[in-house]
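Trainee: Predicted model, plus sequence, below.
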Amino acid sequence: MSAVLRTEGLTKEFGGLTAVEDVDFELEENELHCIIGPNGAGKTTFFNLITGGLEPTEGSVYLSGEDIVGKEPREIVDQGLARSFQISQLFNGLTVMENIRLALLGARERGSIFKFLFSNIESDEELKAEAYDIVERVRLGEEADKEVSSLAHGKKRNLEIGVALSTGADVLLLDEPAAGLTTAETEELMDLIREIGKDRTILLVEHDMNLVMGLAETITVLHNGRVLAQGSPDTIRSDETVKEVYLGE
Ligand SMILES: Nc1ncnc2c1ncn2[C@@H]1O[C@H](COP(=O)(O)OP(=O)(O)OP(=O)(O)O)[C@@H](O)[C@H]1O
């Protein structure tokens, strides 16, 4: 296996506070990797650093071997790393299919999405077919023509993953995908993530330990901005320090 994403000495300071400190991290190709840690551990800051939302104070981020520090978030998506946000970025007044078609167009025609929205979009059969494949892949075939505002919370989460898939990125970052979901919705989501993980690399931040322990191949535990432990779910479960600072809480 080779690292598709790697950080070296990654550090972010906010004034006097070091939110991420000297993090060396590797995400292997095709791996399903979860980042956990108590509130304020630096998980979101770490995500923002690798997706270009924040510039590190120190350190490097390599995507497929290329240093991406200083690149715009859009460029990083185009280079193959897409993020699904904790806060929904869906267009509520549009249908499931329209959201995916927009995401596909966005990936193809940066900056001119709206020019296409009500003109070419209806006539582009190829785009429609591609969008429908993604809609089905995220298990929303029956909801394809429903307005997003009418979807249950869990279905919206599937659609957010569909939007991330539409970028064509090989590496998906999921930010607390189970947040606000019922136990049954979380189970369904886990199944979907497992399925998508068969041909993508997935890195996710999550508080739901059932999801983390049930899905992850590798877990990285952050604490006070530093890597406290890393390993398989079994390794993490039995790590005394992790139990003390996090799992035992
Ligand atoms: N823009 C900012 N300015 C100042 N401090 C910040 C900023 N963003 C994050 N922090 C601080 O950095 C630390 C890490 O925050 P971060 O949101 O990355 O943690 P987290 O692990 O994602 O927490 P949670 O699980 O609650 O989402 C916290 O102490 C937070 O208050």
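Mentor: Good, I have the coordinates. This is a predicted model, so every value here is computed, not measured.
Trainee: rest of the way, CA atoms for contacts and neighbours
Mentor: Noted.
Trainee: quick one: low-confidence ranges for the chain?
Mentor: For the chain, applying pLDDT under 70 flags the ranges 1, 85-88, 109-123, 247-249.
Trainee: Up against the ligand, what does it have?
Mentor: Applying CA under 6 Å from any ligand atom, we find that the chain lies next to the ligand at 14, 19, 38, 39, 40, 41, 42, 43, 44, 45.
Trainee: One more pass at 5 Å, please.
Mentor: 14, 19, 39, 40, 41, 42, 43, 44, 45 (CA under 5 Å from any ligand atom).
Trainee: and those, which two are the farthest apart?
Mentor: Maximum pairwise distance in the residues of the chain next to the ligand, criterion CA to CA, is 16.4 Å, between 14 and 39.
Trainee: what about these two, which has more around it?
Mentor: The residue with more neighbours, out of residue 14 and residue 39, is residue 39; 13 against 9, by other CA atoms under 10 Å.
Trainee: so how far is residue 49 from that one?
Mentor: Computed as CA to CA, to the nearest Å, the residue 39 to residue 49 distance reads 18 Å.
Trainee: And for residue 37?
Mentor: In terms of CA to CA, residue 37 sits 17 Å off from residue 49.
Trainee: before we move on, the earlier item: what about burial for the residues of the chain next to the ligand, which qualify?
Mentor: For the residues of the chain next to the ligand, a burial check counting by 16 or more other CA atoms under 10 Å picks out 19, 41, 42, 43, 44, 45.
Trainee: Where helices are concerned, which of the residues you listed count?
Mentor: 43, 44, 45 (DSSP state H).
Trainee: Verify the contact between the first one and residue 37 for me.
Mentor: Yes. Using CA atoms under 8 Å, residue 43 is in contact with residue 37, at 7.2 Å.
Trainee: what do the two both touch?
Mentor: residue 222 (CA atoms under 8 Å, 6 or more residues apart in numbering).
Trainee: ranges for the strands of the chain?
Mentor: For the chain, applying DSSP state E gives strands covering 3-14, 17-28, 32-36, 58-63, 66-67, 81-84, 171-175, 201-205, 218-223, 226-231.
Trainee: For the second one, which outside residues touch it?
Mentor: Contacting residues not belonging to strand 17-28 are listed as 1-13, 33, 40-42, 45-46, 59, 201, 203, 224-227 [CA under 8 Å, 6+ apart].
Trainee: For ChimeraX, what selects the buried ones among those?
Mentor: In ChimeraX, a selection of the buried entries from the contacts of strand 17-28 looks like this (16+ other CA under 10 Å):
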select :3,4,5,6,7,9,10,11,12,33,41,42,45,46,59,201,203,224,225,226,227
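Trainee: how about the helices in the chain?
Mentor: Counting by DSSP H, the chain has these helices, from start to end: 43-50, 73-78, 96-108, 113-117, 125-137, 153-166, 183-196, 209-215, 233-237, 240-242.
Trainee: I'd like those as TSV, with distance to residue 145 appended.
Mentor: TSV is the format used below for those (distance: least, CA to CA, whole Å):
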stretch	distance to residue 145
helix 43-50	32
helix 73-78	27
helix 96-108	6
helix 113-117	16
helix 125-137	10
helix 153-166	12
helix 183-196	20
helix 209-215	30
helix 233-237	39
helix 240-242	46
